[in-house]
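# just need the structure, nothing else, for what follows:
(chains A and B)
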Amino acid sequence: GNSVTQMEGPVTLSEEAFLTINCTYTATGYPSLFWYVQYPGEGLQLLLKATKADDKGSNKGFEATYRKETTSFHLEKGSVQVSDSAVYFCALRGGSNDYKLSFGAGTTVTVRA
Amino acid sequence: DAGVTQSPTHLIKTRGQHVTLRCSPISGHKSVSWYQQVLGQGPQFIFQYYEKEERGRGNFPDRFSARQFPNYSSELNVNALLLGDSALYLCASSLERGAYEQYFGPGTRLTVT
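Numbering: from 1, shown residues only, chains lettered A, B, ... in the order given. Have a look, this model is predicted:
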């Protein structure tokens, strides 16, 4: 079945540091890949997505590239802010007729001023 | 427009009891999915409903059931509660069954004592 493995946290960074969260996946067919963010006390928000190999998703300074050869979808941001402190989830959706999301365990990121 | 709303926000139940959780999707969205998020883990898919019919079911026991109403709102029911059912229950809505963007509500925090 489909599964997602993401870098364990917690991750603590200083403001303006570079952030990378690793995510690898196992899936049959041609999955779509997502990063969701969960701020304290809130539900999940879609951060970015990529629906086919070599696609790059980007939003709010975050980027991730769908790498089929390495089955990866690593999240990066060049300069983090305190407001980026949250839990980040990598997720995949399988091919046609499989619309459920399979999530990784989440990575807690704390950015200190 | 209002986002996905869920009620109640929190509730505490005793083992063996029954619980009903409610979700109202974004106006115009026809698909609703339910996820269980145990503390420290990623969300796990429970059900997807589209046009009032069950379209997908995750690996959860028959104690879990759901339905979707003509106005596309949804209820998740859990019978014979166990301590392990304590979790954040998330509802997500999307425009269509296969839409890439799923919008999550803030969740219902269920505690079973």
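
# what does chain B put close to chain A?
Where chain B comes near chain A, counting by Cβ under 8 Å from any Cβ of the partner chain, the residues are B:4, B:31, B:33, B:35, B:40-45, B:48, B:55-56, B:58, B:90, B:92, B:97-98, B:100-107. Bear in mind the C-beta positions are built from the backbone N, C-alpha and C, glycine included.

# now, which of those residues lie within strands?
Using DSSP state E, the subset of those located in strands is B:31, B:33, B:35, B:44-45, B:48, B:55-56, B:90, B:92, B:103-104.

# which of those has the most neighbours?
B:S33 (29 neighbours; other Cβ atoms under 10 Å in any protein chain shown).

# ok, now which ones touch B:S24?
Contacts were defined as Cβ atoms under 8 Å, 6 or more residues apart in numbering or on different chains; by that measure B:S24 touches B:2, B:4-6, B:73.

# list the contacts for A:G106?
By Cβ under 8 Å, 6+ apart, the neighbours of A:G106 are A:6, A:9, A:38, A:87-89, B:40-42.

# give me the residue at the spatial middle of chain B.
B:W34 (3.3 Å; Cα atoms, centre = their mean).

# how many neighbours does the residue in chain B that chain A sits nearest to have?
Using Cβ to the nearest Cβ, the closest approach of chain B to chain A is made by B:G42 at 3.2 Å. Using other Cβ under 10 Å, B:G42 has 22 neighbouring residues.

# my guess is it meets A:L101, correct?
No - contact criterion Cβ atoms under 8 Å: B:G42 and A:L101 do not qualify, at 9.2 Å.

# any idea what B:H10 is bridged to?
As for beta bridges, B:H10 partners with B:R109 under DSSP bridges.

# which residues are in contact with it?
Per Cβ under 8 Å, 6+ apart, neighbours of B:H10: B:108-111.

# pLDDT wise, what is it at?
On the pLDDT scale, B:H10 is placed at 96.

# next one: B:S33
Per-residue pLDDT puts B:S33 at 95.

# shouldn't it be in contact with B:P43?
No - counting by Cβ under 8 Å, B:P43 is not a contact partner of B:S33; they are 9.7 Å apart.

# list the residues that contact both of these two?
Jointly contacting B:S33 and B:P43 under the rule Cβ under 8 Å, 6+ apart are A:L101.

# apart from its neighbours in sequence, what residue is nearest the residue nearest to the centre of chain B?
In this structure, B:W34 finds its nearest non-sequential neighbour in B:I46, 4.3 Å apart by Cβ to Cβ, 6 or more residues apart in numbering or on different chains.

# count of neighbours near the one you found?
Using other Cβ under 10 Å, B:I46 is surrounded by 23 other residues.

# contacting residues around it?
Contact partners of B:I46, counting by Cβ under 8 Å, 6+ apart, are B:33-36, B:57-58, B:60, B:64, B:66, B:76.

# quick one, which of those are buried?
B:33-36, B:58, B:60, B:64, B:66, B:76 (16 or more other Cβ atoms under 10 Å in any protein chain shown).

# among the residues you listed, which one lies nearest to A:F73?
B:Y35 (19.7 Å; Cβ to Cβ).

# so what's that closest one bridging to?
B:F45, B:L90.
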